[in-house]
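In: Mind looking at a prediction? Sequence and model below.
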Amino acid sequence: MAERTTPWVMRTYAGHSSPLESNALYRRNLEKGQTGLSVAFDLPTQTGYDPDAELARGEVGKVGVPIAHLGDLRTLFDGIPLDRMNTSMTINAPAMWLLALYLVLAEEHAVAAGLEPAEVRARLAGTIQNDIVKEYLSRGTFIFPPAPSLRLTTDLIAYTVAEVPKWNPINICSYHLQEAGATPVQEVSFALCTAIAVLDSVRDSGQIAPERFGEVVQRISFFVNAGVRFIEELCKMRAFVRLWDEITAERYGVGDPKQRRLRYGVQVNSLGLTEAQPENNVTRILLEMLGVTLSKNARARAVQLPAWNEALGLPRPWDQQWSLRMQQVLAYETDLLEYEDIFDGSPVIEAKVAEIADGARAEIARVLELGGAVAAVESGYLKSALVASLAERRRRMETGEDVVVGVNRFTETEPNPLTADVEGSILTIDPGVEEAAVAAVRAWRAGRDHAEVAASLDQLKAVAATAGNLMPATLRCARAGVTTGEWAGALREVFGEYRAPTGVSGSGGAGQTDEAFAALRCRVTSVGEELGRRLRFLVGKPGLDGHSNGAEQIAVRARDAGFEVVYSGIRLTPAQIVASAVEEDVSVVGLSVLSGSHLSVVPDVLDGMRAAGLDDVPLVVGGIIPDLDAARLRELGVARVFTSKDFELTRVLDGVLDAIREANGLG
């Protein structure tokens, strides 16, 4: 038996409402034995908007904490010693901005403690996600086009390797790739292609001396997903370790094995959590954790677990505590950490690892032939591959080939005491949170040195127009009191914005040939003939919610069923959706909302449609919507509300057809 190893860093992904509320939550979690912080930012922060921006309506404080300026970060980390904390920040397009705020705050803490800021900075430990490629493919919180986005990542890596040596300046994230449909081979290969694109960019920038390139590699970390097929997930991670060692040795000539070691954190699969029989999610979460902890040689460095009720809404502190206790029981009560790798020498494990590694090598070669990860994003290749994979996964689930307990099999159930109190079983955000954040950011702007704010933003834009490193100018902005929206807005002026390929046009519907789908196609044709035109379905993503997987699958299935589909991707205002509905002369509008903003954005779309005279065009809504909210939406005039328990897309589209018939008086 080996000496007992140190447990991984234990986190819960947390943040909501306001910096003050989130600070209280962090302190409580640390008191319960959590050993690191994982900061969830709200969607306006993630996409570079202040709380009073038009697109921020309904999104402030919903899926994370709003951070508009240095003052917000002071409140968020009040009483938390940054130089003794391991902090993970899930932020991508504005990663440079949030890290600049964090570094300036650390300087303030140092001065208050009578320490040298450089000394404190050298002790800062943590990770900032900063993986923009996967945002174009799966999560949707990108801002700028790929080339300037990669430059921001490159500049941040170069700066931190030189100035913040313990910080991980990028957390290449395959987590959302799996949620978007990636197979294990795709998850490994697409993430490694992103790593290659980033490392090539840092190397080619000339900002790091060749002899120090191993330090860059050593500071690259990964963030992965772990599904319930935990043997396959374990093998995936062993393949990941093997391939990363190969790439960093052969492509980049890194000689030190310690610098080539794969370092990764994990959150287990939130997408696999079910609204139906949600108590089963506890078992799923525990099994998924095993896939990234059982194998010592491929064990995660940090683990954060979702809560059992995340398919219903935001988890409460008690729910997050339950997930933390799962980690603690595994780490401290079992003998897991007392042994060397228990899978070394297993022919079964080795065969599966080799299969995944070989498949990933072939896929990496294919992407590199296309010009690398960025070119494969711009061409739509990567996105189309993910949409097709997710369509196939959904087909297996709908046909019962893949069993999901409580959803497509074993659906009989006793009443659940955990959800008997619907309102009390999830955390709800006070509607006043957004109003308070809007007032606070406006007060902050009024109290600044306006000349210094303007000068710092001018410097930022000037450097952006050159090849200079943007981090020093960003730090000046942070110190001047610039806001998140102002920083991103200045760079939008120079870099422009980007709309990523949706992947819908190049993806098939995974061979839908069953009787129910054939009947659906006949109904689509029949209803169209009754109305005298082909049915046209507008699929819209209002607000800042970038989780587009469901919308894309609906779009693909509806197109294959005979609808003409209008889908422009994510991040649309209600006014833009209504204008598109009028211009395209659609038969139905469908909104996908998973961020909790449905009670704000859906009524705005309804009001706009009524004002535009679209009385015969029904509005249907899908997303993470509690039953009480669904009832409220129906009262307001929404024709149908679909949630995650409505997993059979053919039935969903049958419901959409019913709504079209009713709206047009067809009986």
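Out: Ah, there it is. Numbering: from 1, shown residues only.
In: and the spatially most central residue of the chain, what pLDDT?
Out: With distances taken as C-alpha atoms, centre = their mean, residue 139 lies nearest the centre of the chain, 4.4 Å away. At residue 139, the predicted lDDT confidence score is 82.
In: Let me see the contact set for it.
Out: Listed by C-beta atoms under 8 Å, 6 or more residues apart in numbering, the contact partners of residue 139 are 92, 176, 546-547. In short, each C-beta sits where N, CA and C put it, glycine included.
In: Let's see if you can find the most crowded of those.
Out: Among those, residue 92 has the most neighbours (other C-beta atoms under 10 Å), with 28 neighbours.
In: returning to that earlier point: looking at the contacts of residue 139, spot the one nearest residue 54.
Out: residue 546 (16.8 Å; C-beta to C-beta).
In: The closest one: what secondary structure?
Out: Under DSSP: H, G, I helix; E, B strand; the rest coil, residue 546 falls in the coil class.
In: Please apply the same query to the one 5 residues further on.
Out: When the structure is reduced to helix, strand and coil (three-state DSSP), residue 551 reads as helix.
In: distance of it from residue 497?
Out: Residue 551 sits 20 Å away from residue 497, going by C-beta to C-beta, to the nearest Å.
In: With residue 325 instead?
Out: Shown here: residue 325 relative to residue 497, a distance of 43 Å by C-beta to C-beta.
In: So what does residue 343 have for phi and psi?
Out: phi -100, psi -10 (degrees, to the nearest 10).
In: That one: how many residues sit nearby?
Out: Residue 343 has 19 neighbours, counted by other C-beta under 10 Å.
In: What of residue 468?
Out: 12.
In: quick one: the helix or strand where residue 518 lies to chain centroid distance?
Out: Assigned by DSSP states H and E, residue 518 belongs to helix 515-531. A distance of 36 Å separates the centroid of the chain from that of helix 515-531, by C-alpha atoms, centre = their mean, to the nearest Å.
In: model confidence over it, on average?
Out: Rounded mean pLDDT across helix 515-531 is 93.
In: helices and strands around that helix, which ones?
Out: Applying 3 or more C-beta pairs under 8 Å, 6 or more residues apart in numbering; DSSP states H and E, one finds that helix 515-531 contacts helix 649-663.
In: pLDDT at residue 420, what is it?
Out: Looking at residue 420, its pLDDT stands at 81.
In: Use 512 as the first number for this chain going forward.
Out: Got it, first residue is 512 now, which makes that one residue 931.
In: which residues sit in contact with residue 598?
Out: Contacts for residue 598 (C-beta under 8 Å, 6+ apart) come out as 547-550, 613, 636-638.
In: ok, now with 10 Å
Out: By C-beta atoms under 10 Å, 6 or more residues apart in numbering, the contact set of residue 598 is 522, 537, 547-550, 588, 591, 613, 635-639, 678.
In: Let me know the secondary structure of it.
Out: strand.
In: Skipping its backbone neighbours, what lies nearest residue 1068 in space?
Out: Using C-beta to C-beta, 6 or more residues apart in numbering and skipping residues adjacent in sequence, the residue nearest residue 1068 is residue 1160, 4.5 Å away.
In: Does residue 1068 touch residue 1165 like I think?
Out: No: in this structure, residue 1068 is not within contact of residue 1165 by C-beta atoms under 10 Å, at 11.3 Å.
In: element containing residue 665, please.
Out: Assessed by DSSP H and E, residue 665 sits inside helix 657-674.
In: buried ones in that helix?
Out: For helix 657-674, the neighbour count (16 or more other C-beta atoms under 10 Å) marks 657, 659-672 as buried.
In: got the buried residues for the helix holding residue 1029?
Out: Across helix 1026-1042, burial judged by 16+ other C-beta under 10 Å covers 1028, 1031-1032, 1034-1035, 1038-1039.
In: what about residue 962, neighbour count?
Out: Around residue 962 there are 9 residues (other C-beta under 10 Å).
In: Report all helices and strands that the host helix or strand of it contacts.
Out: Here residue 962, judged by DSSP H and E, is contained in helix 961-975. Using 3 or more C-beta pairs under 10 Å, 6 or more residues apart in numbering; DSSP states H and E as the contact test, the elements touching helix 961-975 are helix 657-674, helix 982-991, helix 995-1006.
In: swap the cut-off to 6 Å and go again
Out: If contacts are counted by 3 or more C-beta pairs under 6 Å, 6 or more residues apart in numbering; DSSP states H and E, helix 961-975 sits against helix 982-991, helix 995-1006.
In: ok, back up a step: got JSON lines for the buried residues of helix 1026-1042, with distance to residue 868 too?
Out: Shown next, in JSON lines, are these (distance: C-beta to C-beta, whole Å):
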{"residue": "1028", "distance to residue 868": "37"}
{"residue": "1031", "distance to residue 868": "41"}
{"residue": "1032", "distance to residue 868": "41"}
{"residue": "1034", "distance to residue 868": "46"}
{"residue": "1035", "distance to residue 868": "44"}
{"residue": "1038", "distance to residue 868": "50"}
{"residue": "1039", "distance to residue 868": "49"}
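In: rewinding a little: so the residue nearest to residue 1068 makes contact with residue 1070?
Out: No: using C-beta atoms under 6 Å, residue 1160 is not in contact with residue 1070, being 11.7 Å away.
In: These two: which is more packed in?
Out: More neighbours surround residue 1160 than the other of residue 1160 and residue 1070, with 25 against 19 (other C-beta under 10 Å).
In: Against residue 863, how distant is that one?
Out: Per C-beta to C-beta, residue 1160 is found 31 Å from residue 863.
In: now do residue 683
Out: Distance of residue 683 to residue 863, computed by C-beta to C-beta: 23 Å.
In: now do residue 847
Out: 21 Å.
In: Kindly report the same for residue 929.
Out: Remark: distance between residue 929 and residue 863 (C-beta to C-beta) = 36 Å.
In: Those two: who's more crowded?
Out: residue 863 (19 against 13).
In: if I pick the more buried one, what's in contact with it?
Out: Shown in contact with residue 863 (C-beta atoms under 6 Å, 6 or more residues apart in numbering): residue 746.
In: Wait, a helix at it?
Out: Yes: assessed with three-state DSSP, residue 863 lies in a helix.
In: Now do the helix holding residue 962: distance to the chain's middle.
Out: 31 Å.
In: okay, that helix in CSV with CA atoms only?
Out: This file holds the C-alpha atoms of helix 961-975, laid out as CSV (Å, rounded to 0.1, in the frame of the first residue of the first chain):
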residue,chain,number,x,y,z
HIS,A,961,-13.8,60.5,-15.9
ALA,A,962,-10.7,61.8,-17.4
GLU,A,963,-8.7,58.8,-16.3
VAL,A,964,-11.5,56.4,-17.4
ALA,A,965,-11.4,58.0,-20.9
ALA,A,966,-7.6,57.9,-21.1
SER,A,967,-7.4,54.3,-20.1
LEU,A,968,-10.0,53.2,-22.6
ASP,A,969,-8.2,55.2,-25.3
GLN,A,970,-5.0,53.5,-24.5
LEU,A,971,-6.7,50.1,-24.6
LYS,A,972,-8.1,50.8,-28.1
ALA,A,973,-4.7,52.1,-29.3
VAL,A,974,-2.9,49.0,-28.1
ALA,A,975,-5.6,46.8,-29.6
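In: Done for today, thanks.
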